[in-house]
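S.K.: pasting a predicted model and its sequence here:
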Amino acid sequence: MRSWMRVSVFILVIFADFAVASAVGSPLTLGESVARVLENNPHLQAADFDAQAAADRIRQQGQARPYELGVELENLAGTGEASGVSELETTLSLGRVLELGNKARWRGAVAELEAGVLRHEQDAKRLDLLAETAQRFLTLARVQVERKLAQERVDLMRRTLQSVERRHRVGKAPAAERSKARIDLARAELALEETDHLLINGRRELSVMWGEFQSDFETVQADIFHLDAEPDFTSLDLRIEHNPAIARLATQQRLSKARLSLAKTRGRSDLDVRAGVRHLNDTDDVGVVLSLSMPLGSVGRASPYVHEAEALIGREQLLAQDQHLVLRATLSALHQELLHARDRFEIYKDSIIPEAEKALLDYNKGYAAGRYSLLELTVAQETLLEARLESLSSAAEHHSARIEIDRLIGTAPLNGVTPTGVSQ
């Protein structure tokens, strides 16, 4: 099934979600983002005009040579007996070049295959745009979570400052610790403010994908910490044939063969046939005129074109083999990245973060009791905060790798980020 058909099926699946997400104030889903791009992206709209132009070129190249109407005047305005129009001979003729070797048919075949190459390029562009949309959606979803973590950092620093100030008031903490706690809080607030700027930029970068500068949504709806099960590499490798680049190369090979056939027709000379009537002015007689002409040396002139077409056939075969290997290697690397991101995420979720939370709880109690220093408490805080960010990074890398895999196997990026409410 061609990529645009799979995308169409995908849109039908998410149509209900699209209607709900379009309500004012509702978070934007991945499904709605994809639908907006397919409907409004300027590049995809321009592709419709390219397709129409390609269809017109097919009709142009399939046309036979036109008839030619000619008028020839001889012995007009000469000297002596040929002066004036007394000796004028007027010939009215109708002629046409008869193309031999089915040249028009092969020109049409070449134009049709060129249109096929264009369609594959458009499919690839469409998948690239959808993958880029999913990546920008993912980036925005990630920043939303980063803002929540930044707010948690601010809250944590505020509680720490309160604890330090209580100890400072009773003489159990020096003024330097209070100053450090205030600096940590200020830095946390700056980091929180930075995420607000990133959210504004992220919303705008996503809106640009469907041709709008101002975003009409505040948040995106996605469960970034939900990771779909990883498909095995063998099943993905079989589906790589759906990549538009592979289909394009196959069509390109057929195009090269069609161009070879067209080049061989150059060896068949065309016939220029003309017929008409001639009027002799001095006797007022009429005669029939017939002419036939054919260029010589067509076989020799066609030889360089044939050799060029043969060379391009060999070139396309090698490029197809190389492209297939490159895509498979890229797919393998992405699959490994997908598995590695899963492993990292699970380790942080199941081991590192729970242990860091336990340690911080102990350090909070110990600092309040005077068993630990502010430095030790700060290290415990940073360990937990960094672990949460690493967990988020691992989840985002998993989704990003899945988006790129979907692009390689020629499917819409439904699995790149799981939007809440969209069926998988």
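M.R.: Great, that's in hand.

S.K.: going forward, measure contacts and count neighbours with C-alpha atoms only.
M.R.: Will do.

S.K.: give me the contact list for the helix or strand that residue 44 is a member of.
M.R.: Following DSSP states H and E, one finds residue 44 within helix 42-61. Defining contact as CA atoms under 8 Å, 6 or more residues apart in numbering, one finds that helix 42-61 is touched by 38-39, 104, 107-109, 111-112, 114-115, 118-119, 122, 126, 210-211.

S.K.: partner strands of the helix or strand that that helix is followed by and their direction?
M.R.: Per DSSP H and E, the first helix or strand lying C-terminal to helix 42-61 is strand 67-74. Paired strands of strand 67-74, with direction, are strand 89-98 (antiparallel) (DSSP bridges).

S.K.: send me the strand it pairs with as CSV with only the CA atoms.
M.R.: Taking Å, rounded to 0.1, in the frame of the first residue of the first chain, the C-alpha atoms of strand 89-98 are listed here in CSV:
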residue,chain,number,x,y,z
GLU,A,89,3.6,29.4,-59.3
THR,A,90,1.7,29.0,-56.1
THR,A,91,1.9,25.7,-54.1
LEU,A,92,-0.5,24.9,-51.3
SER,A,93,0.7,21.8,-49.3
LEU,A,94,-0.2,19.7,-46.3
GLY,A,95,2.6,17.8,-44.6
ARG,A,96,3.6,15.8,-41.6
VAL,A,97,6.6,14.1,-40.1
LEU,A,98,5.9,10.4,-39.6
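
S.K.: show residues contacting it.
M.R.: Contacts for strand 89-98 (CA under 8 Å, 6+ apart): 65-76, 270-281, 289.

S.K.: any idea of the mean pLDDT for it?
M.R.: For strand 89-98, the mean per-residue pLDDT is 84.

S.K.: starting at the chain centroid, how far to it?
M.R.: When distances are taken as CA atoms, centre = their mean, to the nearest Å, strand 89-98 is centred 54 Å away from the chain's centroid.

S.K.: same deal with stretch 186-199?
M.R.: The answer for stretch 186-199 is 32 Å, by CA atoms, centre = their mean.

S.K.: tell me the mean pLDDT for it?
M.R.: Mean predicted confidence for stretch 186-199 is 96.

S.K.: could you pull out the buried residues of that stretch?
M.R.: 188, 189, 191, 192, 195, 198, 199 (16 or more other CA atoms under 10 Å).

S.K.: just those: which are in strands?
M.R.: Among the buried residues of stretch 186-199, no residue falls in strands (DSSP state E).

S.K.: burial check on the spatially closest residue to residue 373 that is not a sequence neighbour, number of neighbours?
M.R.: Closest residue to residue 373 apart from its sequence neighbours, by CA to CA, 6 or more residues apart in numbering: residue 367 at 6.2 Å. By other CA atoms under 10 Å, the residues close to residue 367 number 19.

S.K.: wait, residue 367 touches residue 374, no?
M.R.: Yes. Under the criterion of CA atoms under 8 Å, residue 367 makes contact with residue 374 at 7.0 Å.

S.K.: spatially central residue for this structure, please.
M.R.: residue 128 (1.6 Å; CA atoms, centre = their mean).

S.K.: check which element follows the lowest-mean-pLDDT helix or strand in the chain along the chain.
M.R.: None of the helices or strands of the chain scores lower by mean pLDDT, DSSP states H and E than helix 15-21, at a mean of 38. On the C-terminal side of helix 15-21, the closest following helix or strand by DSSP H and E is helix 30-40.

S.K.: that following helix packs against which elements?
M.R.: helix 15-21, helix 103-169 (3 or more CA pairs under 8 Å, 6 or more residues apart in numbering; DSSP states H and E).

S.K.: with just CA atoms, put that helix into CSV.
M.R.: Taking C-alpha atoms only, helix 30-40 is exported to CSV below (Å, rounded to 0.1, in the frame of the first residue of the first chain):
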residue,chain,number,x,y,z
LEU,A,30,-0.5,14.0,17.8
GLY,A,31,-3.4,12.9,15.7
GLU,A,32,-4.7,16.4,15.2
SER,A,33,-1.2,17.7,14.5
VAL,A,34,-0.8,15.2,11.7
ALA,A,35,-4.2,16.0,10.3
ARG,A,36,-3.4,19.7,10.2
VAL,A,37,-0.2,19.1,8.4
LEU,A,38,-1.8,16.9,5.8
GLU,A,39,-4.5,19.5,5.2
ASN,A,40,-2.6,22.8,5.4
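
S.K.: angle of it against helix 103-169?
M.R.: Angle between the axes of helix 30-40 and helix 103-169 is 140 degrees (criterion: axes from the mean of the first three to the mean of the last three CA atoms, to 10 degrees).

S.K.: centre of the chain to helix 30-40, how far?
M.R.: Chain-centre distance of helix 30-40: 14 Å, with CA atoms, centre = their mean.

S.K.: what pLDDT, on average, does it get?
M.R.: 90.

S.K.: do stretch 391-404 as well
M.R.: Mean pLDDT, stretch 391-404: 95.

S.K.: tell me the buried residues in it?
M.R.: Of the residues in stretch 391-404, 391-404 count as buried by neighbour count, 16+ other CA under 10 Å.

S.K.: one step back: distance to residue 323 for the helices and strands packed on helix 30-40 - can I get that in a markdown table?
M.R.: Below are the helices and strands packed on helix 30-40 laid out as a markdown table (distance: least, CA to CA, whole Å):
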| stretch | distance to residue 323 |
| --- | --- |
| helix 15-21 | 35 |
| helix 103-169 | 14 |
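
S.K.: residue 217: neighbour count?
M.R.: 16.

S.K.: ok, it - contacts?
M.R.: 25, 26, 27, 28, 203.
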